[in-house]
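Undergrad: Please work out how this folds:
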Amino acid sequence: MAFPQQSDDGSFAGAAAGVTDNRRVSVKKPRKTAASADGVQTVATNRKAFHDYFIEDKTEAGLVLTGTEVKSLREGRAQLKDSYIQFRSGEAFLIGAHISAYAAGSWSNHLPERERKLLLHKREIDRWAGAVSTKGVACVPLSLYFKGRRAKAQIALVRGKKLHDKRDAIRDRDLRREADRDMRERSR
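TA: From the prediction side, this is the model:
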């Protein structure tokens, strides 16, 4: 079999004689997420949780996922806004997290906002469920990430901020930003 040869004007001779196509084909590459030195690849963070709540305690939990959910997470297509953890009959579930349907999936694709089971030790579930049962305490996911090959969720016990607490946090952040800017200008 003879392979087509490209001539000086960019056209091909041989099997595809007379056909020229110099257009570039653009292939959309999946979004890559940053991987740190310890092998943790962050997929999604819940930035609103840091604004709306005081974080009291954090832990790591495994996720029970289907194959298309894992592939979609690898592409970075997840959102944790307005999601929370619910404890039922000795088990923990992630509710309201949106993992987009896998683009190359078929009829076996997952539902984007289905409940996902969290993997924790029994004593951790009991301790966290007891803490959530107290007034004013909730459990929310802070981030989804891959640790090696495993999908993990960082969850936290949180207490809601009042409006004046949010204003204080914004003021402190602005003051810190201005101080950093002044330090950079002085060092020049």
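Undergrad: Using the three-state scheme, assign the residue nearest in space to the middle of the chain.
TA: With distances taken as CA atoms, centre = their mean, the residue of the chain nearest its centroid is residue 44 (1.7 Å). For residue 44, the secondary-structure state derived from DSSP: H, G, I helix; E, B strand; the rest coil is strand.
Undergrad: which residue sits closest to it, ignoring its sequence neighbours?
TA: Leaving aside its sequence neighbours, residue 44 sits nearest to residue 78 (CB to CB, 6 or more residues apart in numbering; 4.1 Å). Where C-beta positions appear, they are placed from N, C-alpha and C, glycine not excepted.
Undergrad: Ramachandran angles for the one you found?
TA: Main-chain dihedrals, residue 78, degrees, to the nearest 10: phi -140, psi 150.
Undergrad: what bridges to it?
TA: Beta bridges link residue 78 to residue 99 when assigned by DSSP bridges.
Undergrad: picking up where we left off before, show me the beta-bridge partners of the residue nearest to the centre of the chain.
TA: Note on residue 44: beta-bridge partners by DSSP bridges are residue 144.
Undergrad: Report the contact partners of it.
TA: Each residue near residue 44 by CB atoms under 8 Å, 6 or more residues apart in numbering is listed here: 76, 78, 79, 80, 143, 144.
Undergrad: Against residue 70, how distant is the last one?
TA: Read it as residue 144. Residue 144 sits 11 Å away from residue 70, going by CB to CB, to the nearest Å.
Undergrad: Which one's more surrounded, these two?
TA: It is residue 144, of residue 144 and residue 70, that has more neighbours when counted by other CB atoms under 10 Å, with 24 against 17.
Undergrad: so who does that one touch?
TA: Neighbour list for residue 144: 42, 43, 44, 63, 73, 78, 80, 97, 151, 152, 153 [criterion: CB under 8 Å, 6+ apart].
Undergrad: Cross-check the contact I'm expecting between the fifth one and residue 43.
TA: What that stands for is residue 73. Yes: using CB atoms under 8 Å, residue 73 is in contact with residue 43, at 5.2 Å.
Undergrad: List the contacts of residue 105.
TA: 68, 71.
Undergrad: So it, which state does it fall into?
TA: Classification of residue 105 using three-state DSSP returns coil.
Undergrad: and residue 174, how many residues sit next to it?
TA: Neighbour count for residue 174, taken as other CB under 10 Å: 10.
Undergrad: scratch that, residue 63 is what I was asking about
TA: Residues near residue 63, counting by other CB under 10 Å, number 20.
Undergrad: circling back to that earlier point, go through the contacts of residue 144 and name the one nearest residue 185.
TA: residue 42 (31.9 Å; CB to CB).
Undergrad: mind checking pLDDT for the nearest residue to that closest one once chain neighbours are set aside?
TA: The shortest distance from residue 42 to any non-neighbouring residue, by CB to CB, 6+ apart, is to residue 145 (4.5 Å). pLDDT recorded at residue 145 is 91.
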